[in-house]
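Visitor: starting from these lines, generate the structure:
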Amino acid sequence: MKLLRRVTLAAGVAACALLAANPAQAGTIQGKVSVQGKTSADHVVVYVERAPGTFTPSGPRPELIHRNLAFFPPVMPVLKGSIVDFPNTDPVFHSAFSVSPSNPFELGIYGQGRDKFVQFHNPGVVEISCHIHPFMRATILVLDNPFFAVTNEQGHYTIMNVPPGQYTVRTWSVNGQPMTRSVVVDRSGAAALDITIAP
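Guide: Residues are numbered from 1 along each chain as shown. Modelled structure (predicted):
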């Protein structure tokens, strides 16, 4: 089964994978994330840990775009092994690099219309920067399975096509503490999971 999910700022995330599960038996995990003391809980990654199965990226490659002197999206989860494109849509030169131990890379400096890419082999947090514009920051979270989502501005998320079972769900956020919760997904449909995290 092919699972295609693409990250957008408003709605969530995207990753493509080849799954062994039967789609007729898959469910969803959905809910709302709240950050204590804050009115917004966007850009929080919610993901399933240690899901059984073998997952291979497929479909359109995710993009981390240079746009208006910023990386878009600012937070992006991807499946391990994914190739991520870094197109430059600005009329100025940009670069993209990371010194994160899990997936260090250096794409050099390139202009508008140029598109470079990186394959992310190792799970972990990858902090992205631009040599020319040091205020530009983004984060790629490389995960072992495709069961993840990114919250929208209201904190809502939906993780699609999760095989039935009991799972540990974890959050990751630039501005919040990680939170771990348990959830059971059955064949009846959606599992509801609201999460509150500390700033």
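Visitor: which pLDDT value goes with the residue nearest in space to the middle of the chain?
Guide: The chain has Pro77 as the residue nearest its centroid, 1.7 Å off, counting by C-alpha atoms, centre = their mean. With respect to pLDDT, Pro77 scores 98.
Visitor: beta partners for it?
Guide: Under the criterion DSSP bridges, Pro77 forms beta bridges with Leu141.
Visitor: that one touches Val46, doesn't it?
Guide: No - under the criterion of C-beta atoms under 8 Å, Pro77 is not in contact with Val46, lying 9.1 Å apart. All C-beta spots, glycine's among them, are computed from the backbone N, C-alpha and C.
Visitor: mutual contacts of the two, please.
Guide: 148, 150 (C-beta atoms under 8 Å, 6 or more residues apart in numbering).
Visitor: tell me who's in contact with Ala198.
Guide: Contact analysis of Ala198 by C-beta under 8 Å, 6+ apart lists 35-36, 176-177, 179.
Visitor: if you set the cut-off to 10 Å instead, what comes out?
Guide: Listed by C-beta atoms under 10 Å, 6 or more residues apart in numbering, the contact set of Ala198 reads 35-37, 176-179.
Visitor: next step: those residues restricted to helices.
Guide: Using DSSP state H, no member of the contacts of Ala198 sits in helices.
Visitor: shaky segments in this protein?
Guide: By pLDDT under 70, the weakly predicted segments of the chain are 1-24.
Visitor: contacting residues around Asn103?
Guide: 80, 84, 118-126, 140, 142 are the contacts of Asn103 under C-beta under 10 Å, 6+ apart.
Visitor: which two in these are spaced the farthest apart?
Guide: Largest separation among the contacts of Asn103 by C-beta to C-beta: Gln119 and Val125, giving 16.7 Å.
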